[in-house]
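**Q** structure for the following, please:
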Amino acid sequence: MDTIQRYEDGLLAIRQMTEADTHRIWELAFQEESPQWKKWDAPYYAHQALTYEQFLEQKKAQMIDNPARWAIEVDGELIGMVSYYWEHEESLWLEMGIVIFQPDYWSGGYGTRALRLWINHLFQTMPLVRVGYTTWSGNERMIQVGYKLGMTMEARLRKCRFYEGVYYDSIRMGMLREEWEQQTEQK
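**A** Numbering: from 1, shown residues only. Next up is the predicted model:
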């Protein structure tokens, strides 16, 4: 069996997802109709609960052994995932994401630490010039994570996300490779 790639920061780790994670990912992400995490992770997009069988048919291949989606675990417990997708692969424009499914792990620095490991992995394994993510102004914690990581707010598209009768801004945070390298050299 191939070695699972993994990076650690104390008890927190990010790692490739495996077949053994299948049921846990379903429980955390797709079992509930209205999971609490979805209120913060792009809630303006509909969420659909799936039976375990539907998950296996529709989503499993996107999650397991996918280099663009990794698990976040704390002390061996899977709590979320980091991911990336290509906005425009030809110009190496990559966007990343994170979701921590379990509220007990919100506001404890886990997201910042997981993204720090993920950014480092992305810059080490790909010839990227920039990494970034998109969030919404209703998720102030996610904006603060970007600032903690040394990112710049590159764009604020005003009132283009509509949720529960309110318009929110779409926020783009980003960092260039040289900014990341300079920041990591100083530590």
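**Q** isn't residue 58 up against residue 50?
**A** Yes. Between residue 58 and residue 50 there is a contact at 6.6 Å, judged by Cβ atoms under 8 Å. (C-beta placed from N, C-alpha, C; glycine too.)
**Q** which of these two has more residues huddled nearby?
**A** residue 50 (16 against 12; other Cβ atoms under 10 Å).
**Q** please name the nearest non-neighbouring residue to the more buried one.
**A** Leaving out its chain neighbours, the residue that sits closest to residue 50 by Cβ to Cβ, 6 or more residues apart in numbering is residue 30, at 4.3 Å.
**Q** show me the contacts for that neighbour.
**A** Counting by Cβ atoms under 8 Å, 6 or more residues apart in numbering, residue 30 touches 48, 49, 50, 54, 55, 59.
**Q** quick one: which two of these are the most distant?
**A** 49 and 59 (11.7 Å; Cβ to Cβ).
**Q** which one of these two has more residues nearby?
**A** Using other Cβ under 10 Å, the more surrounded residue of residue 49 and residue 59 is residue 59, with 16 against 13.
**Q** surely the more buried one touches residue 48?
**A** No. Residue 59 lies out of contact with residue 48 (Cβ under 8 Å); the separation is 10.2 Å.
**Q** helices or strands up against the lowest-mean-pLDDT helix or strand in the chain?
**A** Lowest on mean pLDDT, DSSP states H and E among the helices and strands of the chain sits helix 60-63, with a mean of 86. Packed against helix 60-63, as judged by 3 or more Cβ pairs under 8 Å, 6 or more residues apart in numbering; DSSP states H and E, are the following elements: helix 22-25.
**Q** the helix it packs on: what's the following helix or strand?
**A** helix 52-58 (DSSP states H and E).
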